[in-house]
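In: here's my sequence, what's the structure:
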Amino acid sequence: MATLTCPACSAEVQPDDLICFTCGANLPRSKTADEPASPTVMQQYAKREGAAAPAAGSSCPHCGAAIREPAAVFCEVCREPLPPRKGIISPVVLRLVFPTGNVEVPAGTSLVLGRDPEESLVAAAFASYDNVSRRHATVTVSDTGQATIRDEHSTNGTFVNGDRVLPGTEVRLVDGDSVRLAADVTGEVSLPRQGIPGAYSRNGHRDPA
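Out: Okay, here's the model as predicted:
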């Protein structure tokens with residue numbers, strides 16, 4: 001298979017990418033590729049300037065167990081939440097799978113979903129949907145890997161699992177959720193749990209952000 005490159009900077013890209021993760025340029029959409037983005041894209045996102053491992057001897061403040069994973073959110077032994085550590089960003093990447101392509105949001109960043117190229121890096125994914133607002137919703141993934149979506153006072157609404165998100169408010173996203181913009185554009189949420197039991201489970205209820 002021929003290598004795909006960004007027309008703006010010539011960096012290597014994947015068939016389902018909507019934007020170039022090197023220069024941010026919108027990419028021509030491919031209608032033939034259905035495969036998920038390769039792990040190298042997620043690895044590229046996971047690298048953050050200044051994201052160094054904690055100092056030697058770091059331990060859980062609750063039980064004293066050693067912290068082996070720099071980006072850990074919960075202690076592996078007592079399951080208590082760990083305090084945030086400066087410069088440490090989770091390697092988690094949220095993926096929204098839309099019919100027009102995949103949108104990826106790495107931990108520590110936000111991404112606007114909408115039709116206006118000046119507002120959204122992934123505007124090409126929604127260009128053919130007139131009922132999607134120019135600045136429709138914002139997806140945010142915190143440094144610790146928790147994801148939310150906020151409706152930006154869109155005309156036709158943002159929905160999570162069929163429930164409308166109140167304008168200007170944030171709603172938690174977890175793996176397997178369904179996100180719908182207006183009436184026609186639906187994407188499925190893929191969000192790794194990093195092996196922490198229950199850390200992102202919904203337990204049958206929508207959790208507030």
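In: just name the shakiest helix or strand of the chain by mean pLDDT.
Out: In the chain, no helix or strand scores lower on mean pLDDT, DSSP states H and E than helix 39-46, which sits at a mean of 36.
In: okay, now the domains of the chain?
Out: 1-28, 59-87, 89-194 (automatic domain parsing).
In: which of those domains sits most buried?
Out: Burial of those is given as mean neighbour count (mean count of other Cβ atoms under 10 Å); domain 89-194 ranks first at a mean of 19. All C-beta atoms are positioned from the backbone trio N, CA, C, and that covers glycine.
In: so for that domain, what's the average pLDDT?
Out: When pLDDT is averaged over domain 89-194, the result is 92.
In: send the alpha carbons of the strand or helix carrying residue 139 over as CSV?
Out: According to DSSP states H and E, residue 139 maps onto strand 137-141. Provided in CSV are the C-alpha atoms of strand 137-141 (Å, rounded to 0.1, in the frame of the first residue of the first chain):
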residue,chain,number,x,y,z
ALA,A,137,-19.4,21.4,20.5
THR,A,138,-16.0,21.1,22.3
VAL,A,139,-14.5,17.8,23.3
THR,A,140,-11.9,18.0,26.2
VAL,A,141,-9.6,15.3,27.6
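In: partners of the next helix or strand after it, with directions?
Out: Downstream of strand 137-141, the first helix or strand assigned by DSSP H and E is strand 147-151. Sheet pairing of strand 147-151 (DSSP bridges) gives strand 137-141 (antiparallel), strand 170-173 (antiparallel).
In: can you put these in JSON lines and add distance to residue 117?
Out: Converted to JSON lines, the strands paired with strand 147-151 look like this (distance: least, Cβ to Cβ, whole Å):
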{"stretch": "strand 137-141", "distance to residue 117": "16"}
{"stretch": "strand 170-173", "distance to residue 117": "24"}
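In: of those, which is nearest residue 161?
Out: Nearest to residue 161 among the strands paired with strand 147-151 is strand 170-173 (9.5 Å), distances taken as Cβ to Cβ.
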